[in-house]
Each structure stands twice: as structure tokens, then as C-alpha cells.
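**Student:** what's the 3D shape of this:
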Amino acid sequence: MDFDLNEEQRMLQDTVRKFANDVLRPKAPEIDQSGEFPCDTIKKMAELGLMGIVVPEEFGGAGFDFLSLAVAIEEISKACATTGVIVAVNNSLVAYPILTFGNDEQKKKYLPSLASAEKIGAFALTEPNAGSDPAGMEAIARKEGDYYVLNGAKRFITNAGEAGIFIVFALTDKEKKHKGISAFIVERDFPGFSLGKHEDLMGIRATANCELNFDDCKVPKENLLGEEGQGFKIAMHTLDVSRIDIGAQAVGVAQAAIDEAVRYAKERTQFGKKISEFEFIQGMLAEAATMTDAARLLVYRSA
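**Tutor:** Now for the predicted structure:
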């Protein structure tokens, strides 16, 4: 398999790398310390097409493939882990399932907002008691006329504090267990929806990770994503795709650590010379670089 990037992907990589170095890297320490969601930065990335990399041009996106998304997320994560997570969730966990399982009206209504960052997306599967195991899901959505009435809670939801569009999973048929799970597109201003505890996550504190609470939240029936009972399939397929992004984030953070280690090794002096001249240090750095390269190739192949 050819792992070389094409000309378009290399141009994207160069553009994102420059933006990450010029804009993201200087702000990264402050963002993580303050925990403040980087709204201004996200808007600038939307102007570059990064918030809707995999969204087709007809819906306001950049229309790239998942390898391009992985390349972009690696460069972003190398400069700021928080921002890498935000971009990954918006693209793979929210825009992608709407693009794949949504109907034409849902695509027209929600994808342009996600691509422009007018509204940020969040993916709500994990629960306080069940974790991310759909078999233990407790959130329930019952059909009442033109609405589904949603009750339950979600936890550790990235982007939640700033998101306007949520992909939410709930049981529409408890007897069928995971086969009774359905997916919904929930908007922030729906009655009965509220935010709970904010999570303080080391290294990605500004991802606005929060609990979600649904207390008789009324979701229009038109906001059912896919069909009733298709939620488990949607969740698993979406998570499989998103794991490419997680790998890209890890590669970006690892590369940043290696770059910093090399810089330090060239500056630190021991026993009259730079520690970068010691064979043992060189071996450590070489092994780290080899493992990171292998991980990068695995991500590229998966994409």
C-alpha cells in the first residue's frame, strides 16, 4: 500500500502545520491552564475548513477524506491536544454520523452549521452508571405524538459545554436491550435539556467536557437519526471511524514529546558535552521516533 500523501493532502498538511505553529502552539498552555474553550481559534479553523474536513462541499465543508482528517488532526494535536480533540469530535463523531445516517433534511439543517462552527457538535453515549457500554444504557426515549420524550443522563461528553448539536443515544425499547437503542439529534435549546458537572481533564481541560441531563426533554420525531433501534449500529460504526482520529491525536502528542526531548537533549550538558551525544540517549530517542513512525503508518493505513 502506498502511504505517500498526494499533493492536495501535503498542501493541507503544510497549511495546518503553519496555523498550528503560529496560532495554536502559543496559546496552548494558557488554554489548558484556564480551561476556557478556545472559541476564537475554533472560528479561525472553520474559516480554513478544518471544522468540516469530511463534510462535502455542498454542505459547506472541505470535502476531504479521512486520511486528510488524520493528517490535519496530527498537526493540530502536536501543537494543542485540546484543539485536536475538539476538531476530531466535530468531524468524526457528529458530522460523520449525520452525513452517513441522516436524511436530506437533517444534512441540510445541521452539516453547514457544524462546518462553519456556528454550532459545535458533541457525541453523547457514555453514562454515569453504564460508562460506554450500550448494554447497560439507562437513558430512555418514549414516543409521545410528534415528539420523543428523553430522560436520563450522559457523562464525560466532550465539547458539551459549548456544543449546540448533540448526537444522543437512548433506549426506545428496553426489552430489546442494545437492539432497542435509537439515536437522536438534540439541540441545546430543547426544553428539558441541561448541563451538569464540568470535568477537569489533564491536558485537555478546555474541551468543555460536561455531564448532560435530560428531564422530559422533548425531541421532535424528525430528529430521530436513522431508524428506531438503529442506534447501536450508528454508535459502533461511528466509534470505529473515530478511532482513526484518536490514533492521529496520539501520534501528534507523541511527536511533540519527541521534538521537545530532542531540543532538550541538544541543550542539556553533562560531563562536558551535550547529552544528545551519548549513545544511550540517542537510542532512547531513536526508539521513540521508530515507534511513533510505526503508529503513524498504522493510522494512515486505517484511514
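
**Student:** buried stuff in the longest helix along the chain?
**Tutor:** Counting residues, the longest helix found in the chain (DSSP state H) is helix 231-267. For helix 231-267, the neighbour count (16 or more other Cβ atoms under 10 Å) marks 231-235, 238-239, 241-242, 244-256, 258, 261, 265 as buried. Backbone N, C-alpha and C define where each C-beta goes, glycine included.

**Student:** Check the model's average confidence along the helix or strand where Ile185 lies for me.
**Tutor:** Assigning secondary structure by DSSP states H and E places Ile185 in strand 181-187. The average pLDDT for strand 181-187 rounds to 98.

**Student:** name the helices or strands packed onto the longest helix of the chain?
**Tutor:** Helix 231-267 sits against helix 66-79, helix 81-88, helix 96-101, strand 163-171, strand 181-187, strand 273-274, helix 279-302, with contacts defined as 3 or more Cβ pairs under 8 Å, 6 or more residues apart in numbering; DSSP states H and E.

**Student:** ok, now with 7 Å
**Tutor:** The helices and strands touching helix 231-267, judged by 3 or more Cβ pairs under 7 Å, 6 or more residues apart in numbering; DSSP states H and E, are helix 66-79, helix 81-88, helix 96-101, strand 181-187, helix 279-302.

**Student:** now the angle from that helix to helix 66-79?
**Tutor:** 50 degrees (axes from the mean of the first three to the mean of the last three Cα atoms, to 10 degrees).

**Student:** Redo the helices and strands packed on helix 231-267 as TSV? Include distance to Ala20 and mean neighbour count.
**Tutor:** Output for the helices and strands packed on helix 231-267, formatted as TSV (distance: least, Cβ to Cβ, whole Å; neighbours: other Cβ atoms under 10 Å):
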stretch	distance to Ala20	mean neighbour count
helix 66-79	4	25
helix 81-88	8	26
helix 96-101	22	21
strand 181-187	31	25
helix 279-302	16	14
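
**Student:** can you put these in CSV and add distance to Gly136?
**Tutor:** Output for the helices and strands packed on helix 231-267, formatted as CSV (distance: least, Cβ to Cβ, whole Å):
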stretch, distance to Gly136
helix 66-79, 30
helix 81-88, 25
helix 96-101, 21
strand 181-187, 11
helix 279-302, 28
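
**Student:** The stretch 101-250 of the chain: strands as residue ranges?
**Tutor:** 120-124, 140-144, 147-157, 163-171, 181-187, 193-198, 210-220, 224-225 (DSSP state E, counting those that start in this stretch).

**Student:** Could you tell me the angle between the fifth one and strand 147-157?
**Tutor:** Right, the one you point to is strand 181-187. For strand 181-187 against strand 147-157, the angle by the same axes, to 10 degrees is 90 degrees.

**Student:** Could you list the paired strands of strand 181-187 along with their orientation?
**Tutor:** With DSSP bridges as the test, strand 181-187 is paired with strand 163-171 (antiparallel), strand 224-225 (antiparallel).
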